[in-house]
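Asker: this one's structure only:
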């Protein structure tokens with residue numbers, strides 16, 4: 001993914017640079033989580049660092065993540081670790097990515113190596129972060145404009161050339177993602193087996209991007225959308241220990257695709273719908289569809305007004321607790337995000353963080369919304 005920031009043309013608003021420098025400041029970040037009164041730290045491990053060239057594994061890079069997991073244990077925090085958060089090694093993408101028949105075995109080999117050190121230290125393992133996101137994008141209100149698609153194709157072509165290849169394939173690239181999904185699902189299955197081979201009782205699952213969907217017409221395509229975007233992953237999760245859900249609002253489904261929200265819904269200052277209860281509704285839906293315990297692995301809002309985030313958090317958490325009280329086995333709630341971070345194509349513009357980060361000095365400043373979430377956590381939920 002980093003390579004796509006550097007080539008020309010690029011679809012990224014700006015390069016990631018040093019990001020939040022969490023690679024060096026992870027102790028400070030984990031300590032903030034502890035000081036707030038929270039009990040869980042979610043982080044991802046970078047396949048590109050651990051296997052920088054095909055078949056060449058870096059013990060030093062793996063040890064970095066082991067130190068993070070050990071520090072979580074030292075502070076009494078549960079580590080939730082994602083093994084693939086969109087990014088893949090450059091060599092992997094240049095060999096066809098998830099289109100390559102070898103992909104499931106390559107991914108599970110990486111997971112096996114990483115889990116050999118991490119499995120005994122962590123509380124939850126997520127094989128994939130939102131592998132269904134590209135499928136959901138096909139149902140959006142309007143497909144990406146042709147100019148963006150053309151630019152994405154040119155960006156990937158430039159990355160392929162820079163890699164000495166005729167291809168550079170990503171799940172979130174310019175191709176129809178559906179042919180890649182069987183390999184992704186097989187990779188999940190093999191990765192789950194590899195991780196559990198090092199600790200059978202470790203809870204393993206994956207996270208899915210799931211908005212709270214509502215039909216707006218009698219002939220709504222909601223069930224067709226759900227079958228297309230979640231069906232294969234729900235089936236793949238039958239042997240998982242849980243499903244992670246990542247919720248950022250509501251999606252209204254018309255006869256063919258998503259449609260704009262009704263004019264009379266409550267709105268945020270930026271014009272987006274105000275509906276914190278979306279996350280609780282998704283928790284109920286996904287559990288009802290799968291029978292699996294649910295871990296909220298992401299939920300939050302993009303806002304520079306922290307007072308708005310402080311209004312959002314209690315209502316969102318309450319909706320999750322209401323689902324739990326109704327009998328849904330809820331494992332936890334993880335807010336997105338700890339830090340104002342690099343948000344992929346959008347760069348540093350979006351502000352999802354509980355903690356502000358100075359772009360020059362990397363100084364962390366805890367926001368009032370973070371203190372609020374900590375108080376809620378210490379109290380065991382919203383009264």
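Answerer: Arrived safely, thanks for sending. Nothing here was measured: the structure is a model prediction, and the numbers come from that model. Numbers count the residues shown, from 1 in each chain.
Asker: tell me the contacts of residue 85?
Answerer: 44, 129 (C-beta atoms under 8 Å, 6 or more residues apart in numbering). (C-beta placed from N, C-alpha, C; glycine too.)
Asker: for it, give me phi and psi.
Answerer: For residue 85, the backbone dihedrals are phi -110, psi 70 (criterion: degrees, to the nearest 10).
Asker: distance check, it against residue 207.
Answerer: Distance, residue 85 to residue 207, by C-beta to C-beta, to the nearest Å: 9 Å.
Asker: give me the common contacts of those two.
Answerer: Taking C-beta under 8 Å, 6+ apart as the contact rule, residue 85 and residue 207 both touch residue 129.
Asker: and the helix or strand containing residue 41, average pLDDT?
Answerer: Using DSSP states H and E, residue 41 falls within strand 40-44. For strand 40-44, mean pLDDT rounds to 98.
Asker: just stretch 105-124 next, same as before
Answerer: Across stretch 105-124, pLDDT averages out at 98.
Asker: so for it, what gets flagged as buried?
Answerer: Neighbour counts over stretch 105-124 (16 or more other C-beta atoms under 10 Å) mark 106-115, 118-119, 121-124 as buried.
Asker: tell me what the longest helix along the chain is packed against?
Answerer: Secondary structure of the chain per DSSP state H: the longest helix is helix 306-325. With contacts taken as 3 or more C-beta pairs under 8 Å, 6 or more residues apart in numbering; DSSP states H and E, helix 306-325 sits against helix 278-290, strand 294-299, strand 330-333, helix 368-378.
Asker: contacting residues for the residue positioned nearest the centre of the chain?
Answerer: Closest to where the C-alpha atoms of the chain average out (C-alpha atoms, centre = their mean) is residue 129, at 4.2 Å. Taking C-beta under 8 Å, 6+ apart, we find residue 129 in contact with 44, 82, 84, 85, 86, 206, 207, 246, 297.
Asker: the fifth one reaches residue 173, doesn't it?
Answerer: No - if you go by C-beta atoms under 8 Å, residue 86 and residue 173 don't touch, sitting 11.1 Å apart.
Asker: for stretch 242-258, what is the average pLDDT?
Answerer: 97.
Asker: what about that stretch, how long is it end to end?
Answerer: In stretch 242-258, first residue to last residue: 28 Å (C-alpha to C-alpha, to the nearest Å).
Asker: so how far is that stretch from its chain's centroid?
Answerer: Distance of stretch 242-258 from the chain centroid (C-alpha atoms, centre = their mean, to the nearest Å) equals 15 Å.
Asker: now that stretch: buried residues?
Answerer: Across stretch 242-258, burial judged by 16+ other C-beta under 10 Å covers 242-254, 257-258.
Asker: so of those residues, which two are at opposite extremes in space?
Answerer: 242 and 254 (32.0 Å; C-beta to C-beta).
Asker: which ones among the buried residues of stretch 242-258 lie within strands?
Answerer: Counting by DSSP state E, these place 242, 243, 244, 245, 246, 247, 250, 251, 252, 253, 258 in strands.
Asker: want to try TSV for these, with distance to residue 355 as columns?
Answerer: Below are these laid out as TSV (distance: C-beta to C-beta, whole Å):
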residue	distance to residue 355
242	27
243	28
244	22
245	23
246	20
247	21
250	27
251	29
252	33
253	35
258	32
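Asker: still on that earlier bit, who's the residue nearest to the centre of the chain bridged to?
Answerer: residue 207 (DSSP bridges).
Asker: tell me how far it lies from residue 99.
Answerer: 19 Å.
Asker: before we move on, what about residue 237?
Answerer: Distance of residue 237 to residue 99, given as C-beta to C-beta: 23 Å.
Asker: so for these two, which sits in the more crowded spot?
Answerer: Taking other C-beta atoms under 10 Å, residue 237 and residue 99 do not tie; residue 237 has more neighbours (24 against 18).
Asker: am I right that the more buried one is in contact with residue 292?
Answerer: Yes - the criterion here is C-beta under 8 Å, and residue 237 meets it with residue 292 at 6.1 Å.
Asker: which neighbours do those two have in common?
Answerer: Listed contacts common to residue 237 and residue 292 are 205, 243; contacts here mean C-beta under 8 Å, 6+ apart.
Asker: all strands for this protein, in order.
Answerer: Using DSSP E, strands in the chain cover 40-44, 78-82, 124-129, 203-209, 212-215, 242-247, 250-253, 258-259, 294-299, 330-333, 355-357, 364-366.
Asker: mind giving me the packing neighbours of the fourth one?
Answerer: Packed against strand 203-209 by the contact rule (3+ C-beta pairs under 8 Å, 6+ apart) you find strand 124-129, helix 181-196, helix 231-236, strand 242-247, strand 294-299.
Asker: then the fifth one?
Answerer: Using 3+ C-beta pairs under 8 Å, 6+ apart as the contact criterion, the secondary-structure elements in contact with strand 212-215 are helix 222-229, strand 250-253, helix 278-290.
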